[in-house]
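Engineer: got a sequence here, can you build the structure:
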Amino acid sequence: MKLDRMNGMKRTDYCGTLTKSDIGKTVVVCGWVQRQRDLGGLIFIDLRDRSGIVQLAFDDTTEKAVFDKAFEVRSEFVLMAKGEVRMRSSVNTEIKTGDIEIEVKELKILGKALTPPFEILPDSNANEELRLKYRYLDLRRTPLKDNILMRHRITKVTRDYFDENGFIEIETPTLIKSTPEGARDYLVPSRIHKGSFFALPQSPQMYKQLLMLSGFDRYMQIARCYRDEDLRADRQPEFTQIDLEMSFIDKEDVFTIAEGYMKRLFKEVLGEDIKTPFPRLKYTDAMNNYGSDKPDTRFEMTIKDISDIVENCGFGVFADTIKNGGTVRAINAQNACDVYTRKEIDKLTEEAKGIGAKGLAFIRWVDDEPTCSFAKFMTSDEMKAIFDRLGLKKGDVALIVADKKNIALSVLGALRLTVAKRLNIIPKQYNFLWITEFPFFEYNEETNSYDAMHHPFTSPLDECIPYLDSDPEKVFANAYDLVLNGIELSSGSIRITDPELQAHMFRALGLSDEEAEQKFGFLTGAFKYGAPPHGGMGIGLDRLCMLMCNAESIRDVIAFPKVANSSELMSGAPANVDTKQLDDLAISVKELPNE
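Structural biologist: Got it, this is the predicted structure:
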């Protein structure tokens, strides 16, 4: 089959934009064949482009050469068609253009196609690995195509909003110095400076602070960031964040800007009215109530402390745990008895053990009297007190964990989400939440020391500074996270600008003066030349798009994503390079034994 040339013919309209108002109009459309239906003397072709589908019609009035060409067409052929818009004899309510069609007068086959490895359908049943290998075909499917188009809209509204609020978009370097940021850096060897390496930025943190020192006042960037870490549904090795920094502000100013942005974005893109200001929750309260520093607040099922009720009970698991400094916590899954049979509770127990719990106690209230895995060790008053504390009633299931506080909370936080999804009690709405007053340090049991929970430029709350050396547990950060439906969207803080406090902070984090100078001297030196008070945040664009598109994974809102082992199935990256390239870099590859 010989391919046609366009020969000066130009597209006049996108397929999905044609309406009844175009009837009688001669149009030229281009796209891919969704399907061809040959009904003998009648041929229909569904032509698809990024805007949608329109039907091309060929009948006994069609010129024979055009009709014969339509007969040759197969799925995913690339066509250009010229014809007149007319009413369809039978309306298709499943597509926007379902009441019209194009009576084709001229048809050009611009590209042939092999039979694709999977059908280009909205609900493809092909496995994800195959679809990622042929990602360019997968992107033709309506759900992914619509996600990418929505991401474009989100990005445009973002730039408009921040521009209107006085922010200047400034690009920061991609090849930077490697500095400790919490995750592994991706390293890039230098050909000129053999043996030395650039790093890809985990965030533009130090550069955006330098821009504040440079006097730009309000900065933003749609910034590409890179972290060499294990992947999950909402994480990729390369990702995009909406990066912000502001001078002469406090955290309230950051909150106001971020809330205004979310309100504008959700209204313009989704037509959703987001209520502001957003609720706030201290880190400690979030952990105690939800077992997570990124809680999903669309449903209740908060964690309750029942330690005081059971500390002297006859059930050794509870009493001994408390005696050894632990805690006993519980959640109440209301109206869950029908779903959570004893067999299903056993599955939850295995999940709890997989997270780190030693076991899972329960109360299941089916009949007039509840069944309980530990009732025979308890008094009636103790059981009644538990029922009252949890608000337990007939039909409910209580899940109880006795362990160290951090384990009990994290396990119940995870079970809370598992149960809510199984019970289908999570409403379709958008719940934003600020998490504030994070601990500055976290205790590392392996090293018997305190580690920083944040990057070293995060300021402690003023009232906590006296405790930096004497009592790390009393030090809280002037930091904040923005959470949406249980997903951390953003993390930010007010920064340290006092050189003496910054040096003190480095020492508190275990860095010697020499190490701090070597790693961060170019930034801390700049503080000595007049540093304005400043702070900011980075909003995860991929996660934001995932939530707004109601996608299962951020892979569904990224055109060419990586898979769990950080590789790209379509291109085969990462890949070996030839010896000449390695020689230019003075690098040799160490052969590892087969695992």
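
Engineer: looking at this, residue 69 is in a helix?
Structural biologist: Yes - secondary structure of residue 69 (DSSP: H, G, I helix; E, B strand; the rest coil): part of a helix.

Engineer: tell me which residues form a beta bridge with the closest residue to it other than its chain neighbours?
Structural biologist: Nearest in space to residue 69, with sequence neighbours left out and distances taken as C-beta to C-beta, 6 or more residues apart in numbering, is residue 107 at 5.1 Å. Where C-beta positions appear, they are placed from N, C-alpha and C, glycine not excepted. Counting by DSSP bridges, residue 107 is bridged to residue 81.

Engineer: residue 107 touches residue 72, doesn't it?
Structural biologist: No - between residue 107 and residue 72 there is no contact, the gap being 9.9 Å when judged by C-beta atoms under 8 Å.

Engineer: worst-scoring helix or strand of this protein, pLDDT-wise?
Structural biologist: Taking mean pLDDT, DSSP states H and E as the measure, the helices and strands of the chain show their lowest mean at strand 449-452, namely a mean of 72.

Engineer: partner strands of the following helix or strand past that one and their direction?
Structural biologist: From strand 449-452 onward toward the C-terminus, using DSSP states H and E, the following helix or strand is strand 479-484. Neighbouring strands of strand 479-484 in its sheet, by DSSP bridges, are strand 432-436 (antiparallel), strand 487-494 (antiparallel).

Engineer: using JSON lines, lay out those together with mean pLDDT.
Structural biologist: Conversion of the strands paired with strand 479-484 to JSON lines gives the following (pLDDT from 0 to 100):
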{"stretch": "strand 432-436", "mean pLDDT": "98"}
{"stretch": "strand 487-494", "mean pLDDT": "96"}
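
Engineer: can you tell me how far the residue nearest to residue 69 is from residue 537?
Structural biologist: As judged by C-beta to C-beta, to the nearest Å, residue 107 and residue 537 stand 53 Å apart.

Engineer: do residue 147 as well
Structural biologist: For residue 147 relative to residue 537 (C-beta to C-beta), the value is 24 Å.

Engineer: show me where this protein dips below the pLDDT cut-off.
Structural biologist: With pLDDT under 70 as the threshold, the chain has low-confidence stretches at 180-182, 233-234, 594-595.

Engineer: helices or strands next to the lengthiest helix in it in the packing?
Structural biologist: Using DSSP state H to define each element, the chain has its longest helix at helix 142-164. Of the remaining helices and strands, those touching helix 142-164 by 3 or more C-beta pairs under 8 Å, 6 or more residues apart in numbering; DSSP states H and E are strand 168-169, strand 218-226, helix 251-270, helix 541-548.

Engineer: tell me which of these is the most buried.
Structural biologist: Scoring the helices and strands packed on helix 142-164 by mean neighbour count under mean count of other C-beta atoms under 10 Å gives helix 541-548 as the most buried, with a mean of 23.

Engineer: quick revisit: for the least confident helix or strand of the chain, buried residues please.
Structural biologist: 450, 452 (16 or more other C-beta atoms under 10 Å).

Engineer: cool, and stretch 237-251?
Structural biologist: Within stretch 237-251, the residues that count as buried by 16+ other C-beta under 10 Å are 237-247, 249, 251.

Engineer: figure out how far that stretch is from the centre of its chain.
Structural biologist: Its chain's average C-alpha position is 16 Å from that of stretch 237-251, according to C-alpha atoms, centre = their mean, to the nearest Å.

Engineer: which stretches in the stretch 251-400 of the chain count as helices?
Structural biologist: With DSSP state H, counting those that start in this stretch, the ranges of helices along the stretch 251-400 of the chain come out as 251-270, 283-290, 307-310, 316-323, 342-355, 380-390.

Engineer: closest one to residue 442 among those?
Structural biologist: Taking C-beta to C-beta as the criterion, helix 283-290 is the member of these that comes nearest to residue 442, at 11.0 Å.

Engineer: how about the closest one, which residues are buried there?
Structural biologist: By neighbour count, with 16+ other C-beta under 10 Å as the criterion, the buried positions of helix 283-290 are 283, 286-290.

Engineer: just to revisit the earlier point, can I get the helices and strands packed on helix 142-164 in a markdown table including distance to residue 26?
Structural biologist: Below are the helices and strands packed on helix 142-164 laid out as a markdown table (distance: least, C-beta to C-beta, whole Å):
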| stretch | distance to residue 26 |
| --- | --- |
| strand 168-169 | 43 |
| strand 218-226 | 41 |
| helix 251-270 | 35 |
| helix 541-548 | 38 |
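
Engineer: for residue 533, find the nearest of those.
Structural biologist: It is, among the helices and strands packed on helix 142-164 and with distance given as C-beta to C-beta, helix 251-270, at 10.5 Å.

Engineer: isn't residue 231 right next to residue 555, touching?
Structural biologist: No - the pair residue 231 and residue 555 does not pass the contact test of C-beta under 8 Å, sitting 9.4 Å apart.

Engineer: overlap in contacts, these two.
Structural biologist: When contacts are counted by C-beta atoms under 8 Å, 6 or more residues apart in numbering, the set common to residue 231 and residue 555 consists of residue 563.

Engineer: quick one: which of these two has more around it?
Structural biologist: residue 555 (22 against 18; other C-beta atoms under 10 Å).

Engineer: quick one: the more buried one and residue 190, what's the gap?
Structural biologist: 32 Å.

Engineer: same deal with residue 171?
Structural biologist: Relative to residue 190, residue 171 is positioned 21 Å away (criterion: C-beta to C-beta).

Engineer: now swap in residue 104 and tell me
Structural biologist: 58 Å.

Engineer: if you count what's nearby, which of the two comes out ahead?
Structural biologist: Between residue 104 and residue 190, counted using other C-beta under 10 Å, residue 104 has the larger neighbour count: 25 against 13.

Engineer: how many residues are close by the residue lying closest to the more buried one once chain neighbours are set aside?
Structural biologist: Leaving aside its chain neighbours, residue 104 sits nearest to residue 83 (4.1 Å; criterion: C-beta to C-beta, 6+ apart). For residue 83, the neighbour count with other C-beta under 10 Å is 22.

Engineer: which residues touch residue 83?
Structural biologist: Shown in contact with residue 83 (C-beta under 8 Å, 6+ apart): 26-27, 56, 102-106.

Engineer: same check on residue 588?
Structural biologist: residue 582.

Engineer: if I look at it, how far off is residue 189?
Structural biologist: 12 Å.
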